[in-house]
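Undergrad: Let me see the structure of the following:
(chains A, B and C)
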Amino acid sequence: MKRETRNKTQEWLVSFPSLFWLALFFVMPTAFVLAVALRPSNPYGGIGAGWTLENLRRLADPNYLIIAWRTIWISVLITFICILLAIPIGYYLARVTPKWRNFFLMLVIIPFWTNFLIRIFAWKVLLHPEGLIKRLLVFLGMAAPQTSLLYNPAAVVLVSVYTFLPFTILPIYAAADKFDFTLVEAARDLGARSFQAFYKIFLPGIRRGLFTAVLFVFIPSLGSYIIPDIVGGPTSEMIGNKIAQRVFVDRNLPQASALSVILTLSVLAPLIAVLFLQGKKEKPGAIF
Amino acid sequence: MKRSRFPLMITVAVLFFFYLPILILVVNSFNASRFESSWQGFSLRWYARLVHEPEIWQAARNSLIIAFSATAVSVILGTLAAVALHRFSKSRLQRFHYTLVYTPLVMPEILMGISLLMFFVSSGVRLGLFSIFLAHVTFCISFVAMVVLARLQDFDYSIVEAAQDLGAGWWATIRKVLLPMLLPGLMAGGLLAFTLSIDDFVITFFVAGPGSTTLPIRVYSMIKHGSPPLINALSTVLLVITFSAVAMSQRLSRSNQ
Amino acid sequence: MTKSREIKSRYFGLAGFIFLFLPMIFMAGCGKTKPRLNIYTWADYFKPGLVSRFEKEHNCRVVIDTFDSNEAMYAKLKAGAMGYDLLTPTSYMVSLMHSQNMIQRLDHRLLPNLIHIDPDYLKLAIDKTMDHSVPYMFVYTGLAYLKSKVPDFVPSWSMFDRADLKGRMTMLNDMRETIGAGLKFLGYSLNSTDEKELREAKEVVLRWKKNIAKFENEQYKTGIASGEFLVVASYSGDILQVRRENPDVMFAVPRQGTVISVDDLVIPQNAREMELAHAFINFLHDPAVAAENTMFLSYLCPNKDCYPLLSEEMRKNPAVFLDPEIRAKCEILADLGEANALYIKIWDEIKAAK
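TA: Have a look, this model is predicted:
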């Protein structure tokens, strides 16, 4: 009994700081802007009076469907490549001696303290039609002289993978570092093949890290607009671009809000479902 | 027991991939050309100009101040959040808490920026470095919390409870049991928060006040009118400083042992 | 051993945080004795030496913050951001802001240098009496091309119909500019709100879209200088700057006419340093100052008394001082109010089409 009340107060004490901060600086402003989705827009960028479902109705435009589909498959591809690369790196970092570990960690993250735009421009130089990479590819017969390495979905994927990879490495490393590798060795001693041990023991052992890593790359990819803007072509427009266009060019904040609502809900909904459905059955901390 | 070389190979390959554009960036800082189009000859003119551009240094200073303070605060708040979420995971409060922590990750930055601006304006918070700091902490908490949460997976709280039952005060428990175990997660989360803060453009653009320009804002506007190679020069300088700091701390930690 | 380092590093972190946080708080309340003029403008838009001269002459501090697009600046100010005393939006944005009561009437008594403004320009301007805006710099949109690689260049919007240059051209990622190019090509006005004309322009742009690599607003400078692109829709001042490095790059205004973009000096409604802001506007139109800024930017300040002070190269440049026949066909973009929605719809369709 005593422990239970101590737990309750402990729970509130520990949760309070972040709850308070997020409630104040995140929930209130966000609720307001999302409510704006239900207001009419006026052509001068202001928000009209009254309420309307017009913005939500306009979301049914087939143009949006094309863009949404394109955004989704590009984001899935980016996520897949990032995870594929981040797992071996997280694994390696977790097994290496502590003094090398910090060194490698810093090595991984320092490039990303340079400015985002400048890095993208550096990629434009690398992928220039007369740059070294293109010339190498033509020499190896892997590309024709007219093919452009830039301004297509492949360039968007490449630069996005570059941008989001460190955000996938860090959570996987954080989880893998704690993982007890003797389990894997024990499994191998018992006859499991390396890959099997890896797949059945290691991966579930870092499942939260994997989930977080997926989150940290999939979501930003969905909303990204600067990368498709700079290295994407006229047919690489994504949802993020549309939201940016609605806010800035069209001065239609309500419509931008409506788009964001759909984007947010479509990613939130599966999670909420998982949260509230599985909460009863599985042990704590299965997914979260 | 044979250890596969595969993870090491991937790590080296990816590091090479990471540093390729950095190499271009550094090389171009010595390029006399303003448009990074072709090599126009070796030149130190951008470095020379950098010395005379107080606005850029001011912006860099602002970015660093905000990044350090936002990282510190968001690591504390994010860790607390992760601890609460893991420890009390079955309660309704935590499920609500989790949604609260998760949603900022999902919200598009433009909307978050505008909503924070409107909130600050209507509640009388003056736009400036402080408003940027508040905004950065708000989105960093979620990232830190998720990373630390990943670290806490399968962590058994009974150790903590046992320690407390044996009479250890909560500060001692935290120091000797929880923190050492969490440290890699805190470090990963801190690095993440710092990186996010120092490079954030969209949200910062909206909540910055007069005189509180940060480096990303400055760079974005320089693309249209200014000379981007100046930023290459600045980045190179910052890279050199950072690498030296890391190398020095490595040497210090080795001599400590 | 490791633990003591951890504790030390944690205390260091906490101390560092405190040390860094405190100055921030104190900076907020720091009272400076000199008045401060907050300008929100494009990057590198005033010659640095001139700004410090102004600071000395008026014993004040000038703080320059920068934005990267009119739209971003507008979105921020509309959402309530304050504290700026002077802005430099482009003309169409000025009409919009004026209609939204976001900018003030100017006090001409504090602006004696306005007599130097070019009356020919004022005939084209939207705010002809300079009631709430004073023009600062203007540029023309035109075509930049590589002389050696495009020998049969024609100064006309029809260049975008050239399938042999496919994939090596760009158009501006700007709704009004690109649809405007289509309108001009067909002989209509850039500010047209006629649906039939706009649909025709849309067909033209869709045709052109097949030949371009992308829509690009800034990187065409690097693109054309490096030979990545051969023909780009661009702004005159930018190309003049590129020419200093790569003389193979030429600029021409299409003979069907084009957009004149003017950046105006305006004072927002809630500005604090009104006198200083007016003083700065006045300072910028001192002919010698205007000439220096013009040479610095390679744009053109419509200050007639600064023209004789410009270099001969500039005065003779047809991209700076246009042939009067072509100039008669050029227009300044106006804000279209409700008709914007029509343009947005067409632009969306253009962007979405394959």
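
Undergrad: Every contact and neighbour count from this point should use C-alpha atoms.
TA: Will do.

Undergrad: Where do the helices of the stretch 1-150 of chain A begin and end?
TA: If DSSP state H, counting those that start in this stretch is used as the criterion, the helices of the stretch 1-150 of chain A fall at A:2-22, A:28-36, A:54-58, A:62-95, A:98-109, A:116-126, A:132-139.

Undergrad: So which elements touch the longest one?
TA: The helices and strands touching helix A:62-95, judged by 3 or more CA pairs under 8 Å, 6 or more residues apart in numbering or on different chains; DSSP states H and E, are helix A:98-109, helix A:153-176, helix A:207-223, helix A:239-244, helix B:6-29, helix C:340-352.

Undergrad: Give me the mean pLDDT for the fifth one.
TA: Over the span of helix B:6-29, the pLDDT mean works out to 90.

Undergrad: And the next helix or strand past it?
TA: The C-terminal neighbour of helix B:6-29 among helices and strands, as given by DSSP states H and E, is helix B:45-51.

Undergrad: tell me which residues in that following helix are buried?
TA: B:R45, B:W46, B:Y47, B:L50 (16 or more other CA atoms under 10 Å in any protein chain shown).

Undergrad: In the helix or strand C:K184 falls within, which residues are buried?
TA: In this structure, C:K184 sits in helix C:175-185 according to DSSP H and E. Across helix C:175-185, burial judged by 16+ other CA under 10 Å covers C:M175, C:R176, C:E177, C:T178, C:I179, C:G180, C:A181, C:G182, C:L183, C:K184, C:F185.

Undergrad: Check the average confidence over that helix, would you?
TA: Helix C:175-185 comes out at a mean pLDDT of 93.

Undergrad: And it, how far out from the chain middle?
TA: Centre-to-centre, helix C:175-185 and its host chain are 17 Å apart (CA atoms, centre = their mean, to the nearest Å).

Undergrad: Mind naming the longest helix for chain B?
TA: As assigned by DSSP state H, the longest helix anywhere in chain B is helix B:54-87.

Undergrad: Chain C contacts on the stretch 151-288 of chain A?
TA: Residues of the stretch 151-288 of chain A that fall close to chain C, judged by CA under 8 Å from any CA of the partner chain: A:Y151, A:G232, A:G233, A:P234, A:T235, A:E237, A:V247, A:F248, A:V249, A:D250, A:R251.

Undergrad: Out of the residues you listed, which comes closest to A:K8?
TA: A:V247 (44.1 Å; CA to CA).

Undergrad: got a list of what that closest one touches?
TA: A:L253, A:A256, C:A75 (CA atoms under 8 Å, 6 or more residues apart in numbering or on different chains).

Undergrad: Would you mind listing which of the residues you listed are buried?
TA: The buried subset of the contacts of A:V247 (16+ other CA under 10 Å) comprises A:L253, A:A256, C:A75.

Undergrad: What pLDDT does the model give the first one?
TA: With respect to pLDDT, A:L253 has a value of 81.

Undergrad: A:G48 is in contact with that one, correct?
TA: No: using CA atoms under 8 Å as the test, A:L253 is too far from A:G48 to be in contact (10.5 Å).

Undergrad: Give me the common contacts of those two.
TA: In contact with both A:L253 and A:G48: A:S41, using CA under 8 Å, 6+ apart.

Undergrad: surely C:G80 meets B:S115?
TA: No: at 10.8 Å, C:G80 and B:S115 do not qualify as touching, with contact defined as CA under 8 Å.

Undergrad: Show me which of these two is the more surrounded one.
TA: Neighbours were counted for C:G80 and for B:S115 using other CA atoms under 10 Å in any protein chain shown; B:S115 has more, 26 against 16.

Undergrad: Quick check: the gap between the residue lying closest to that one once chain neighbours are set aside and A:K200.
TA: In space, and not counting its chain neighbours, B:S115 is closest to A:P29: 4.9 Å by CA to CA, 6 or more residues apart in numbering or on different chains. A:P29 sits 44 Å away from A:K200, going by CA to CA, to the nearest Å.

Undergrad: got it, and A:F139?
TA: 43 Å.

Undergrad: Next: C:T193.
TA: In this view, C:T193 and A:K200 are 65 Å apart by CA to CA.

Undergrad: just B:I141 next, same as before
TA: According to CA to CA, B:I141 stands 32 Å off from A:K200.

Undergrad: Looking at these two, which has the bigger crowd around it?
TA: Ranked by neighbour count (other CA under 10 Å), B:I141 and A:K200 place B:I141 first, with 31 against 13.

Undergrad: quick one: low-confidence ranges for the stretch 1-150 of chain B?
TA: B:1-3, B:36-37 (pLDDT under 70).

Undergrad: What residues does it have near chain C?
TA: Applying CA under 8 Å from any CA, we find that the stretch 1-150 of chain B lies next to chain C at B:33, B:35-38, B:65, B:68-69, B:72, B:114, B:117-118, B:121, B:127-130.

Undergrad: Pull out the buried residues from the residues you listed.
TA: B:33, B:35-38, B:65, B:68-69, B:72, B:114, B:117-118, B:121, B:127-130.

Undergrad: neighbours of residue 93, just the number please.
TA: No chain in the question, so chain A it is. For A:L93, using other CA under 10 Å, the count is 27.

Undergrad: other chain: chain C
TA: Using other CA under 10 Å: C:M93 sits among 20 other residues.

Undergrad: roughly how far apart are it and chain A?
TA: Per CA to the nearest CA, to the nearest Å, C:M93 is found 10 Å from chain A.

Undergrad: My understanding was that that residue contacts C:D335; is that so?
TA: Yes: using CA under 8 Å, C:M93 makes contact with C:D335 at a distance of 6.9 Å.

Undergrad: For A:E130, list the residues it contacts.
TA: C:E228.
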